[in-house]
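Visitor: my questions concern the predicted model and sequence given below.
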Amino acid sequence: MNVTSEPANFYTTLQRRLHWLVIVLLVLQYAMQGLMAEAMAAIDRQETLTFVSFLVTTWHTWSGISIAAIMLWRWQLRRNVVPVGAGKLPPWRSKVVRLHHISLYVVVVVMATSGALHYYLGFEMAGTWHFFTKWLLLGLIGVHIAGALTHISNVDRVFQRMMGSDSLR
């Protein structure tokens with residue numbers, strides 16, 4: 001199914017694919033935390049990185065930068081292609097959901113930027129921000145998943161907006 005044939009109350013195929021790509025990359029980022037911490041400890045001790053540590057740090061930094069770029073792209077797509085609201089939320093809840101989504105975008109970009117500033121330029125404060133935003137992002141993701149799960153059995157079709165029209169079968 002191409003982008004233009006998607007019903008108006010669904011995200012486009014591109015938007016959904018980017019959403020799930022970010023999820024996969026974030027899962028891998030969190031899964032590699034231990035290896036990245038070991039590599040950074042070796043760097044702090046001014047040791048030469050092993051080949052595996054070099055691959056881990058390279059993948060981690062460029063994956064983080066890619067995630068931030070994809071999130072900025074998604075933000076732009078979201079501004080241009082907004083699906084018609086599938087569910088009717090009270091105004092206060094709509095504002096909370098909007099603030100939550102904006103927070104996800106901002107925290108991911110701050111996390112990637114702070115990680116790059118710490119790794120490439122050695123800014124210690126950026127490393128602190130990176131560490132803090134790692135946990136903040138994990139909390140926001142947890143809230144996001146919990147919110148999405150509340151819509152699975154609802155007839156409001158909010159969950160299906162990100163799953164695509166095929167999920168209605």
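Guide: Received it, and whenever you're ready, just let me know what you need. All of these numbers come straight from a predicted model, not from anything done at the bench.

Visitor: and stretch 34-52, which residues are buried?
Guide: By neighbour count, with 16 or more other C-beta atoms under 10 Å as the criterion, the buried positions of stretch 34-52 are 35-36, 39-40. Backbone N, C-alpha and C define where each C-beta goes, glycine included.

Visitor: nearest to residue 96, of those?
Guide: Proximity of those to residue 96 was ranked by C-beta to C-beta; the top entry is residue 36 with 33.0 Å.

Visitor: so what's that closest one closest to, chain neighbours aside?
Guide: The spatially closest residue to residue 36, leaving aside those adjacent along the chain, is residue 60, at 5.0 Å (C-beta to C-beta, 6 or more residues apart in numbering).

Visitor: also residue 26?
Guide: Taking C-beta to C-beta, 6+ apart as the measure, residue 26 lies nearest to residue 67, with 6.6 Å between them; neighbours along the chain are not counted.

Visitor: OK, contacts around residue 110?
Guide: Each residue near residue 110 by C-beta atoms under 8 Å, 6 or more residues apart in numbering is listed here: 129, 133.

Visitor: the residue positioned nearest the centre of the chain: helix or strand, and which one exactly?
Guide: Using C-alpha atoms, centre = their mean, the residue of the chain that lies closest to the mean C-alpha position is residue 22, 5.0 Å off. Secondary-structure assignment from DSSP states H and E places residue 22 in helix 13-31.

Visitor: go on, residue 105?
Guide: Assignment of secondary structure by DSSP H and E places residue 105 within helix 91-121.

Visitor: orientation of that helix relative to helix 13-31 in degrees?
Guide: Using axes from the mean of the first three to the mean of the last three C-alpha atoms, to 10 degrees, the direction of helix 91-121 lies 60 degrees away from that of helix 13-31.

Visitor: now the residue lying closest to residue 109 once chain neighbours are set aside: how far from residue 107?
Guide: Nearest non-adjacent residue to residue 109, counting by C-beta to C-beta, 6+ apart: residue 68, 5.0 Å away. Between residue 68 and residue 107 the computed distance is 11 Å (C-beta to C-beta, to the nearest Å).

Visitor: ok, now residue 131?
Guide: From residue 131 over to residue 107 the distance is 13 Å, taken as C-beta to C-beta.

Visitor: looking at those two, which is more packed in?
Guide: For residue 131 versus residue 107, the count of surrounding residues by other C-beta atoms under 10 Å is larger for residue 107: 20 against 14.

Visitor: still on that earlier bit, just give me the neighbour total for the residue nearest to residue 109.
Guide: Using other C-beta under 10 Å, the number of residues around residue 68 comes to 20.
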